[in-house]
Each structure stands twice: as C-alpha cells, then as structure tokens.
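**Student:** here is my input; please provide its structure:
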Amino acid sequence: MTTVSTRGLPLARVRRALTTRRWRNNLVFWAMVGPLLIGTMLFSFGPLLWGLLVSLFESRLRIDLDRFVGLENYCYVLTNEAFLKSLWTVVVFAAFIVPTTFCLAMLLAVLVQNAAFGRAFFRSIFFIPTAVSYVIASLIWRMSIFSGLPYGVANQVLWLFKVQPIPWIGLAQPPVYWLVLVSVRLWLQLGFQMILLLAAMQDISPELYEAARVDGAESKWLLFRNITLPLIRNTSMFLIIMNIIHAFNAFAEFFNILGGTMSSAGMLRLARPPLVWLYQVAMNEQRYGIASAGGVIVGLMIILFTVVQTKLSGGLGREI
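**Tutor:** Now for the predicted structure:
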C-alpha cells in the first residue's frame, strides 16, 4: 500500500485526501466483492429461505404458498417409513464410504510421496477421474463394467476364474449392488483427496524427519505416526467432514445405477438415500411442501453430524 506524505499540507486538505482515499478503497472493494455477495444471496441463501418457507405450506401440484400447515409436513416426513429407511440406507453408506475413502486416499498419498520415480505421472493418473461427471461414471459402471451380462467387464474377469456371471444390479444375494455403488464413488473421489493429503505432506519440513532419525526413529511407521499424521491433522479432519457431507448428499450414483430405463430400472427400492426419496416425492408425486420439509431435515442432520464430528476430533485449526 502506497503512503502519501502530508508534511507541509493544511490539516483540512489532509483529511479530504484521506477521506477520498478511503472512499476509493471501499468502492474498489465492493466492486470486486459485490457481485459475489449478490450471487451468493440470490442463488444460495435465497433458495434456502424459500425452501424453508415452502416446507410450512402444503404446496401440492404447484410450488406456491397455498395452505399453511405449519409443522405437519415435518411430522409426515419423520414418521414416513420410506424416509426412515432411506436415512438408514445413507447412514450405512456413510459408515462404510467415509473411512474407506479416507484410508485409501491416505495410502495412495503415502505411496506417491515415497515413490522413487514418476510422482508427477501418478498424481495426474489418480487425479483424472475427478474431472468425470458422477452421472457419466454411474452410466459407465451400470452399462459396461457391472452390466450383469456375460460380456460385462466384471463378469469377464470372473469368467477367467471359472465363476458364473453375476447380476450385479438386481436381487442377487449377497447384495453385490453395494459394491457397484461404493466403487464408483471411490474411483471419483480418491484422486482429489490424495492430492490434498499429498500437498499437506509435502508442506512438512524435512528437518523434522532428520531430527527424528537422529533421535533413533528409523522406522517409516514411527515417522508417519509421530510426525506426518499429527502435522496433516487439519487436512485430514477437513476431508473426513467433507466425506460425511458428500455421503449424506448421495444422489447421482444411486439414481443412475439403480434407476433409469435399462434392466436395472425400478431397483431404487433396494437402496434409496434421502435425496432420491425427496426427488421422487417432489417430481413424481408433486408434493413440494413435504419434499422441502425433508430437505430441511436432511440439511439439519448434515449440520448435526458435522458439528459432532468436529467436536469429537477437537475442531479444525487446532495447533499441534
């Protein structure tokens, strides 16, 4: 920031100059921040407030404030068997996908960090799936890899081991469709989380490892447990919290793998998370008030799980 010498100038003139500079700085600030703030208010907070308002009205067949019902929509959602089953589905999904994604991303980050050659190549290869749409990946998983037909990629691999083809997306026991749902999300998320963990590891000073080796910590496991893991704690907690939020927002893979118009159409009843149930209530039954109430409940659940996880872990930004 440049400074202006005020020596020898009248006091009134100095004050005017400072006031003009302050107004100019404020004008530049709001010119840069204003569009972002307006966009956030219109496209983020606006829909949230409108959805909260609609949840208090019946709003059936059309999205308007026709008949006030208060908390009746919330009572219906919380006592609806299909919605409660969808909550259990997403809790089971989150309980498996969150630790699995984080642990595999950590493993990949450690392997790439300690690779003798080709680090840039491996970073690029693992990061590429991040650019793929959830919808496109789900369709590839359903129509090609786990199609359930003998020429599907997964069944072709099983055929090499003399195993009969499996209907991956169907009523087969055990429920192998969970493998399809989990594997597509792992493929899409691992690369991005690996890059974040790898960046956090590379930010650690090599002098800490050298000092630990001088003190006798030769084992790589000891170095990882006592130096690497504590110093990437904030990044780790951020990824775990984001994994929880993304798990409860699961929609695309369930809807496109278990739903659709192919042979798997109608299989959504096997594993239907809350967002898919709310989508069907809103778009198929056109009960927008109930769908909005369900959306508010799911949002509050995500906030609750995030706060609990943050409290149990000691919070983000804590000094080590």
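
**Student:** middle-most residue in this protein, spatially?
**Tutor:** residue 246 (2.9 Å; CA atoms, centre = their mean).

**Student:** excluding chain neighbours, what is closest to that residue?
**Tutor:** Nearest residue to residue 246, sequence neighbours excluded (CB to CB, 6 or more residues apart in numbering): residue 189, at 7.4 Å. C-beta coordinates here come from the backbone N, C-alpha and C atoms, glycine included.

**Student:** who's in contact with that neighbour?
**Tutor:** 101, 105, 130, 243, 246 (CB atoms under 8 Å, 6 or more residues apart in numbering).

**Student:** quick one, what contacts the first one?
**Tutor:** Read that as residue 101. Contacts of residue 101 (CB under 8 Å, 6+ apart): 185-186, 189-190, 193, 243.

**Student:** swap in the second one?
**Tutor:** Taking CB under 8 Å, 6+ apart as the contact definition, residue 105 lies against 189-190, 193-194, 197, 239.

**Student:** in helices, which of the contacts of residue 101 appear?
**Tutor:** 185-186, 189-190, 193, 243 (DSSP state H).

**Student:** just send the contacts of residue 101 back as CSV, with distance to residue 24 and pLDDT too.
**Tutor:** Below are these laid out as CSV (distance: CB to CB, whole Å; pLDDT from 0 to 100):
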residue, distance to residue 24, pLDDT
185, 49, 92
186, 51, 92
189, 45, 91
190, 48, 91
193, 43, 92
243, 45, 91
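
**Student:** next, count neighbours for residue 94.
**Tutor:** 19 (other CB atoms under 10 Å).

**Student:** which of the three states applies to it?
**Tutor:** State at residue 94, reduced to three classes by DSSP: H, G, I helix; E, B strand; the rest coil: helix.

**Student:** now the strands: where do they sit in the stretch 1-150 of the chain?
**Tutor:** When assigned using DSSP state E, counting those that start in this stretch, the stretch 1-150 of the chain turns out to have no strands.

**Student:** helices along that one, start to end?
**Tutor:** In the stretch 1-150 of the chain, the helices defined using DSSP state H, counting those that start in this stretch lie at 11-40, 46-54, 72-79, 81-113, 119-127, 134-140.

**Student:** a markdown table for those, including mean pLDDT and distance to residue 271?
**Tutor:** Converted to a markdown table, the helices of the stretch 1-150 of the chain look like this (pLDDT from 0 to 100; distance: least, CB to CB, whole Å):
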| stretch | mean pLDDT | distance to residue 271 |
| --- | --- | --- |
| helix 11-40 | 84 | 34 |
| helix 46-54 | 87 | 25 |
| helix 72-79 | 92 | 19 |
| helix 81-113 | 91 | 5 |
| helix 119-127 | 86 | 27 |
| helix 134-140 | 90 | 13 |
